[in-house]
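In: One predicted model, sequence on top.
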Amino acid sequence: MPDRLDLVTRRDLLRGTLGTAAALAGGGLIAACVSPGGPTGVASPGASLPPPETTTVRFVSPAACDPPTALAKKFLLEEGFTDIQYVTVPVTTTEWLTADKADFHSGYGNLIAANVDIGLPIVALAGIHPGCFEIFAAPGISTIKDLRGKTIAVNAKNVSDQFYGYFSILLAYIGMDPRTDVNFMEIGPNVNALRDAFVDGRSQAFIAPAASGPQLRRNPKNPGTVILDTTMDKPWSQYYCCQLVANGDWARRYPVATKRVTRAVLRAADLVTKDRPSAAHQYVAGGFFSTTPAATDEEIVNEVIRDLSYDWRELDPEETLRFFALRLADAKLIKMTSQQIIAQGSDFAYMRQLRTELKQ
C-alpha cells in the first residue's frame, strides 16, 4: 500500500450496500414499542411512530463538518421534541457520555470501536458523512512512513483519544508500531493546543478535524503541508467519518425517541446536500461553534462542507466499524473482534429502513 494514497473524487467511491449482521445483532436496541409498518417519509413524519417517550434531547454542539445535527432542530420539533439542547463539551473526548452531559454525538469509526471495546455504552445508529480529517506534517515529511522517530502531540496516550487512536491506525496500516516507532506527547484535551504545538514546532504532525484545516491554512505561521486527506484519499474516503451515536442506556430507555432523533438527523443531512451555503449560514447563525472558534466564520464552514458527501445512503456504516476495528486490532489497541464491536456497538436497522423510505 503506497504511503500517499491515490486521490479520488466523491463519485469514485465504491457504493456499499447496508449489511445485515448489525440488524441481526443489534436490531432489538430501538425496536421496542414501535407500531408496525415503519415511517411513511417526510410528508408525515410522526404518522408511523408513537410519541417519543421523552420530549427532551441533548446533543453535543456539532463541529463545523456536522451541520445536519444543527439543522435537525426543526425536524426534531416535528418529531415531538420540545426541549432540544446543544451542549458545549470537547468533541473529541467521551466526556459527553461518561459525565452524562449529552444523549447524542457524532462519532468517528475508530473512536466508536475503541469505546465499545472498553465497555462504554455507546451505540452507532447511522452514517452521516465520510472525510473531514487532514493530516498536516512538518517540512521534510511527505508520507506517513516519514513519521518514524518523530514527535506527535495528542490529547492523551490512550485509545479513547481521537488523535492518538487515529494516528495509531495510520501507522499500523503501513506496518509501523505506534507504541515504539513514534514519540507521542500528551498535552491535554484541547484540539487548539494540538494545533499550536504543531505551529510552534513541538509536534511534527497534526490531525486537523473540520474547521481546524482551513484555519491552519490561513495561518501564516503554518509550517507544514497536507500529506493525507481523508475526504479524498483511499481507503479512508470510502468509510464514514462521522456517525450518529447515542448513549446506549438512553437509547434503550427511549427507543421511539431514538428512532425519531435518527430520522430527524438524516432528514437534515438531505437538506445539507441540497443547499450547502444555506447550511453553513444556519450553522453559524445558530451559534453551533463546538469548541473551535474558527467555526464562527461562515467562509470556513463553507470550505469544510464543500467537498463532503452527506449522502448517507452512499456507504456502509457496518463496514466502517469493521474497517476501523480491524485497524485498531492491527495496532494492538483493542481486544474485541470486529464482529463483537458491531454487535455491541451499533444498530443500523432503522437507518436501513429510512434509506428506502425517506426519498431524496
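Out: Noted; the coordinates are in hand.
In: what ranges do the helices span in the stretch 151-300 of the chain?
Out: 162-173, 191-199, 212-217, 248-253, 255-274, 276-285, 298-305 (DSSP state H, counting those that start in this stretch).
In: Could you point out which of these sits nearest Tyr240?
Out: helix 255-274 (11.5 Å; C-beta to C-beta). From N, CA and C alone the C-beta is placed, and that goes for glycine too.
In: Contacts only, for Ile135.
Out: When contacts are counted by C-beta atoms under 8 Å, 6 or more residues apart in numbering, Ile135 touches Ile144, Leu170, Ala205, Phe206, Ile207, Ala208, Val226, Ile227, Leu228, Asp229.
In: That one and Val182, how far apart?
Out: 13 Å (C-beta to C-beta, to the nearest Å).
In: Please identify the buried residues of stretch 268-277?
Out: Ala268, Ala269, Asp270, Leu271, Val272, Thr273, Arg276 (16 or more other C-beta atoms under 10 Å).
In: Please give me every residue in contact with Thr55.
Out: Counted by C-beta under 8 Å, 6+ apart, Thr55 has contacts Gly80, Phe81, Thr82, Asp83.
In: Is the last one in contact with Phe59, as I believe?
Out: Looking back up the chat, that one is Asp83. No. Look at Asp83 against Phe59 with C-beta atoms under 8 Å: they stay out of range, at 11.7 Å.
In: what about these two, which has more around it?
Out: Phe59 (25 against 10; other C-beta atoms under 10 Å).
In: Okay, the more buried one and Thr94: tell me how far apart.
Out: 15 Å.
In: Repeat that for Pro52.
Out: 25 Å.
In: Could you tell me the end-to-end distance of stretch 68-77?
Out: 15 Å (C-alpha to C-alpha, to the nearest Å).
In: ok, now stretch 299-313?
Out: Across stretch 299-313, first to last residue, C-alpha to C-alpha, it's 27 Å.
In: in that stretch, what's buried?
Out: Buried-residue list, stretch 299-313, by 16+ other C-beta under 10 Å: Ile300, Val301, Asn302, Glu303, Val304, Ile305, Leu308, Ser309, Tyr310, Asp311, Trp312, Arg313.
In: circling back: got a ChimeraX select line for the buried ones in the contacts of Ile135?
Out: ChimeraX command restricting those to the buried ones, with burial defined by 16+ other C-beta under 10 Å:
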select :144,170,205,206,207,208,227,228,229
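In: Leu97 falls within a helix, correct?
Out: Yes. Secondary structure assignment places Leu97 in a helix (DSSP: H, G, I helix; E, B strand; the rest coil).
In: Tell me if I'm right that it and Ile122 touch.
Out: Yes. Contact criterion C-beta under 8 Å: Leu97 and Ile122 qualify, at 6.1 Å.
In: Mind listing the shared neighbours of the two?
Out: Listed contacts common to Leu97 and Ile122 are Asn115, Asn247; contacts here mean C-beta under 8 Å, 6+ apart.
In: At which residues are the strands of this structure located?
Out: 56-60, 83-87, 104-108, 122-130, 133-137, 151-154, 183-186, 205-209, 225-229, 240-247 (DSSP state E).
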